[in-house]
Every structure is written in C-alpha cells, then in structure tokens.
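S.K.: Predicted structure and sequence below. I'll ask about it afterward.
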Amino acid sequence: MLDHVLYLAQQSINALQQGSIYALIALGYTMVYGVLTMINFAHGDLFMLGAFACMLLVSVLTPVLVVFPPLLSFIVILLLVMIIIGVLGASIERVAYRPLRNAPRVSAIITALGCGLLIQSLTLVIFPYSKSMPKLFTNTTFELFEMPHPDAAGASVTLTITALQIVIICVSLILMVALDFLIRKTRYGMAMRAISFDSRTVPLMGIPVDRIISTTFLIGAGLGGAAGMLYGLAYPVIAPSMGILVGWKAFIAAVVGGIGSIRGAVLGGFLLGAVEVLAVVMFDSSYRDLISYSLLLLILIFKPYGLLGQAPNQKV
Amino acid sequence: MSAFLSQIARNRWILPTLVVTGFAVSILSHYQPIFSGYTQIILITIGINIILCVSLNLVNGYMGEFSVGHAGFMSLGAYTSAVFTTKWTPDIPMLFPVAVIFGGVMAAIIGLLLALLSFKTRGDYLAIITLAFLMIVKSSWENISYVGGPAGLLGVDKYTTLPWTFFWVVVTMFVIRNLVYSKFGRAIIAIREDEIAANAMGVRVREAKILAFVVSSFFGGVAGALYSHLNFINPKYFDIVKSTEILVMVYLGGISSLGGSILGAVVFTFLFYQLENMGLGYWRMVILSSLLILLMLFRPRGIMGMRELTWFLPKRELKGRRKL
C-alpha cells in the first residue's frame, strides 16, 4: 500500500516540474491575450529561444562563471536570458504587431504566425542539428523516503527529488507569485487590468497604452524565456522544433485555464503537467499527446471559455 | 491597354476555354512528354495546394473563422484513401477515383463532428478546437499500427496524375464558386460580418456553418487523397507546420477571393521549389515567413485584397463594375 503512495508522490513531483514549465509559458500567452485579445503565436518560439540563449550565454560566459558559486551563476544567467528574450518579445510587438493594432484581427494573428515561423526557421538555419544543453550545477538526487520493496527482497522503493526539480519548481513559483503581486498590487498591474477591461476608454484616462503593452510583452516573453531555459535544463537536448511542440501545448493549457486569466493559466499549466504524467504512467508514452489533447478538448466542450475564464459580452 | 484588359476580364468564354485547354494538355501530357517528370510533380503539387487553399478559404475567408486544422482533414483523406487502395482493393487502378471520394467523405464526416463541437465557441476558441483536433488526428495515426504507426503507410501506388489533379481542381473551384455566390454564400458572409445580426435577419447560422465545414473538409480530404498517391505518407507531415503553410497560402493570396487562393497557391509552391533549386533550401521558410510578415504589414488583406477575378463573378455582379 505504502509503495503505491510513494509511487504516486514520485509522479506528483514529476508532474509539478512539468506543470510549472507549462504554466510559465502559458502566462505569456494569457497576458498578451488579456491586453490585446490577440493570440501571440510567436510565443512558443520565444520559449525555444530561451533555451538557445541560455546555451549560448553559458558557452560565452564560462570563464567568468567558474569563479562564482553555481547557484549565483544560475541566477545571473536566468536573469540575462529573461532580459534578452523579454526585449526580443517587446521589439517583435513594436515592429510587427503595433502597426496592425487597428487592422483586422486576423492579420495580426497571421503576422504572429509568420513571426513564429521566422524565428523557428532562422534558428534552424543557424543550428541545423539539435544541441545539448550545458549543465549549470551538479544534479544531486535527494532521497526523501525509502522503504523495502514489498515483493522483491533486497530491492527498495524510494521517493526522490533532484536538485534540478527543486530549482525548477521554486523558480517558477517565485516568478508566478511575483507576477501575481505585480498585477494585483502595482500601478502597472492596475493599468494592465484596465486595458483588458476596456481598451477604448483607457487611453482617455491618461494611461500610456503603448508603454503598458510593451511592458506586458517584455514580462510575458521574459517568463517564456525563463521557461525555455528551465525546460532545456530538464530535458538537455534542445532543437528549434521544440517551440512548436511545447509552446502549442502550453497555449492549450492557457486556454483550458481560461485565456486572459493569470490564475487560470497557472491552473491550466499544472493540470496539463498532471494529465501528461498520468497518461504516461497509465498507458504508453506514445499515447501522451492523444490523451492530453482529447481531455483538453473535452474540457473545452463543457466549459467553452476555460476553467477560470469569463464568457465575453456579446454586443449587438 | 486598360480597355483591352477589361475586355479580357469581361469575356465569359475565356474561363471555359482555359478549362478545356487545361484538360487537353494534361491528358496529352500523359501520352506525350510535354512536361518533364519534375515539372509534372510541381504542377500536381500546385493543383493540390489550390484545392487546399480554396477549401480553407471557405471557412477562414468567407466565413471568417480561424481554423488551423486543415492538415488534419488532409491527413484523414490521405490515410483513408491510401488504406482503400493498398489494403482493400489492391492493384485496381480503376478504383482510384472511388478512393479519392471515399477519402473526402471520411474527412467530411469528421468535419461534421468538429462543426457540431465548435458551435459553442467562436473566434479564437475555434482555433484551439481545430488545433486540438489536428493533434489528436496526428497522434492517432502514430498509434494505429494498421496504418504503419509512426513510420507511415508505405507502398502506396502512385495513381495521382496530372489529368486527375486538374479534374479535381476544376471540381473544387466549380463547387466552391457556386456555393459562395448562392444564398448559402451570402449567409456565411453575413455570419463573418456579424453573427448575431445574421441570426436576427433569419440566416440559419448552424446550417450554414455545418455546410461550410463539411464542404471544406471534404475537399481537404480530396487534396490529401491526391497527395497520398503521389508521395510517402508519414504522420509527421500532417503537422501544425503543414496547416501553417496552407494558412500562409490563403492569406498571401487574399481571403474571400478564389482568384487570390489560386494566386497564393501558385506563388507559394513556385517559390517553395524555386528557392530549393537556388540552393536556398534552408532559407526557404525564412524567406517565405518574412514575405508573409511584410505582406501583412503593408497589405493586410493579401495580394488580391478581397477582390475577385472577374471570370469567377456571376453575371449579376458584373453590372455596374467598370474596372478589373
């Protein structure tokens, strides 16, 4: 009995790790949707660039970094990656999305698709083969609990957590709490919520809409970049195609949580992580996508605007 | 000069003549080496892309929804028709047209289910449902060993020829052009402009949406069937990237325009192969996606920009028009 509980606890830790990465990416989708009601299809590729930026930074900065303790160098690289990807995200908004803000909505979506495709194909030109991610710290495994295996003599059942898993879960949680604070308690957050509430009246109130939108892109893309770096550390083979593979899933997570809702994105991300881990445990790993997408489709059929989302007002 | 152009544009005999000539040339090319094998493959690919583009334009352009699942319908048609010709009726080339229709019908049935699912949602949420549908279809193929699993279905006979492709392009254009300029076409355009208002004016929104989805997915399936009897089929091909390519063609050419769809498919396919020939295979998607971004920034409605080739317009719409 206890060994089953341990197994479940072990899988929950894996699900938390997976889910926190999805949640970080989903936040970027949902923030942009909140202020612009536009799906930023390039976000998944920014996430992918986060992993590549981390790899490049480490290879450039290695001589400097060996001096510092590993945790400090990890934080420095994380911040640098977030800044680089954030600035990139904000500049994409400035160059490609802002001129289209009053154009038909679909042209902005198509431009976003084009930007994503451009980032991905450019990365593919520069890195035609998948790269391996450098290690930033030694990945120690901590044993939380151990008991003898009930069926096999000599073997034991353990509950373990790796240093990497701790780092990923902690960093994601810190970023999410910080974001929640930013949006609920600061002037910037108030302006952002105001824009998503009524984007036509807000400029009349003296709120600098362009600057707020730029900042939203900066933060959203920065979170995506951080997620990319964490994902690259967890699964050390990185390829340009992972922007599509992981990014679109996180997008679905944002939608299931209710796109536009910050807490919904976090909920959706963790839900997706749990479903994926469960699908692999109960069936074969090749059924993972099939099961998770089917379940998400089911949720959307019964809750069309997501778990925490609100149905938009239909005005005649 | 412009009078001459408008003469050409208004001449109602040019389009039928082009169709007949096209058939004659394509059938002739079957017996006489008019085109090289490579040119034939490019022409067939252009044909398949035109079918995909025009059928997606019905949902994304005329009806104004945003579906990203067209590659899913394509794969449904590709797989079912290939199973039909390789497993159920092997070595009977005569049954190829039946297989193509079968593929289309299967895609249409699933399209009907998807349409029923999508009624509760609209806009961005429809994009998500079609995206989930695409992923479910793709990973189903990967898990069904009867159709080869992740390796794909091998040994499909190469039945797709130039005349057949041309035939299906003409059928697609004929059906969709007539649909768009019928009462039903008015209904879906009304839905695009304002769904609630359309409903209030007596448009049967559900029926119109179902019909648009079913027709669109039928021809998506037909295009897939033609594709599968020309190339290898692998589940990885029918990916979100393939859907994006079709979307690029549609929006490149221009939404709500059959001429635009043809133009988009021709330009995209031509550039796709031409850049490969120029040794820019790696840069191909870089160039095409930059092209798309620039086009959207400077001409957000696509090359044709919601205008239609005069040949496709019904006579009643020609009255009062002066220019091309």
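M.R.: Cool, the structure landed. Numbering: from 1, shown residues only, chains lettered A, B, ... in the order given.
S.K.: for chain A, what spans make up the strands?
M.R.: For chain A, the strands defined by DSSP state E cover A:131-132, A:141-148, A:156-162, A:237-238.
S.K.: In terms of mean pLDDT, which of these ranks lowest?
M.R.: In terms of average pLDDT, strand A:141-148 trails the rest of these, at a mean of 78.
S.K.: For that one, which outside residues touch it?
M.R.: Contacts to strand A:141-148, defined as CB atoms under 8 Å, 6 or more residues apart in numbering or on different chains, come from residues A:2-3, A:6, A:155-163, A:166. Bear in mind the C-beta positions are built from the backbone N, C-alpha and C, glycine included.
S.K.: And stretch B:46-53, by the same measure?
M.R.: With CB under 8 Å, 6+ apart as the test, stretch B:46-53 has contacts from B:70, B:74, B:162, B:165-166, B:168-169, B:172-173, B:219-220, B:222-223, B:226-227, B:230, B:246, B:249-250, B:253, B:261-262, B:264-266, B:268-270.
S.K.: again with stretch B:111-122
M.R.: Residues outside stretch B:111-122 that contact it (CB under 8 Å, 6+ apart): A:297, A:300-301, A:304, B:65, B:69, B:73, B:126, B:128-130, B:133, B:195, B:206, B:209-210, B:213-214, B:216-218, B:220.
S.K.: Pull out the buried residues from the residues you listed.
M.R.: The neighbour-count test (16 or more other CB atoms under 10 Å in any protein chain shown) marks A:297, A:300, A:304, B:65, B:69, B:73, B:126, B:128-130, B:133, B:195, B:209-210, B:213-214, B:216-218, B:220 as buried among the contacts of stretch B:111-122.
S.K.: Out of those, which sit inside helices?
M.R.: With helices taken from DSSP state H, the overlap with those comprises A:297, A:300, B:73, B:126, B:128-130, B:133, B:195, B:209-210, B:213-214, B:216-218, B:220.
S.K.: re earlier: and the buried ones among the contacts of stretch B:46-53, selectable in ChimeraX?
M.R.: Buried residues within those, by 16+ other CB under 10 Å, are selected in ChimeraX with:
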select /B:70,74,162,165,166,168,169,172,173,219,220,222,223,226,227,230,246,249,250,253,261,262,264,265,266,268,269
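S.K.: What strand or helix carries the residue nearest to the spatial centre of chain B?
M.R.: By CA atoms, centre = their mean, the mean C-alpha position of chain B lies nearest to B:Leu52, the distance being 1.4 Å. Assessed by DSSP states H and E, B:Leu52 sits inside helix B:37-57.
S.K.: and the stretch 201-316 of chain A, which of its residues are near chain B?
M.R.: Residues of the stretch 201-316 of chain A found near chain B (CB under 8 Å from any CB of the partner chain) are A:244, A:248, A:251-252, A:255, A:259, A:286-287, A:289-290, A:293-294, A:296-297, A:300-301, A:304-305, A:314, A:316.
S.K.: Buried among these? Make that a ChimeraX selection.
M.R.: Listed next is the ChimeraX selection for buried residues among these, using 16+ other CB under 10 Å:
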select /A:244,248,251,252,255,259,287,289,290,293,294,296,297,300,304,305
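S.K.: any weak-confidence spans in the stretch 51-200 of chain B?
M.R.: B:120-124 (pLDDT under 70).
S.K.: where exactly do the helices run in the chain?
M.R.: Looking at chain A here, since you left the chain open. For chain A, applying DSSP H gives helices covering A:2-36, A:43-65, A:70-92, A:105-126, A:163-185, A:187-197, A:209-234, A:242-257, A:262-282, A:288-302.
S.K.: I was after chain B.
M.R.: For chain B, the helices defined by DSSP H occupy B:2-10, B:14-31, B:37-57, B:70-83, B:96-117, B:124-143, B:162-180, B:183-193, B:195-200, B:205-228, B:240-253, B:258-277, B:284-298, B:315-318.
S.K.: A:Ala191 and A:Val202, how far apart?
M.R.: 8 Å (CB to CB, to the nearest Å).
S.K.: let me redo that: A:Asn40
M.R.: To A:Val202, A:Asn40 is 20 Å away according to CB to CB.
S.K.: Looking at these two, which is more packed in?
M.R.: Each of A:Asn40 and A:Val202 has its neighbours counted (other CB atoms under 10 Å in any protein chain shown); A:Asn40 has more, 29 against 20.
S.K.: which residues touch the closest residue to that one other than its chain neighbours?
M.R.: Counting by CB to CB, 6 or more residues apart in numbering or on different chains, A:Val32 is the residue found nearest to A:Asn40 once chain neighbours are left out, at 4.3 Å. Taking CB under 8 Å, 6+ apart, we find A:Val32 in contact with A:38-40, A:43, A:216-217, A:220.
S.K.: got it, and B:Gly152?
M.R.: Applying CB under 8 Å, 6+ apart to B:Gly152 gives the contacts B:232-237.
S.K.: where in the stretch 201-324 of chain B is pLDDT low?
M.R.: Low-confidence segments of the stretch 201-324 of chain B, defined by pLDDT under 70: B:318-324.
S.K.: Tell me the one of the contacts of A:Val32 nearest chain B?
M.R.: Using CB to the nearest CB, A:Ile39 is the member of the contacts of A:Val32 that sits closest to chain B, with 5.8 Å.
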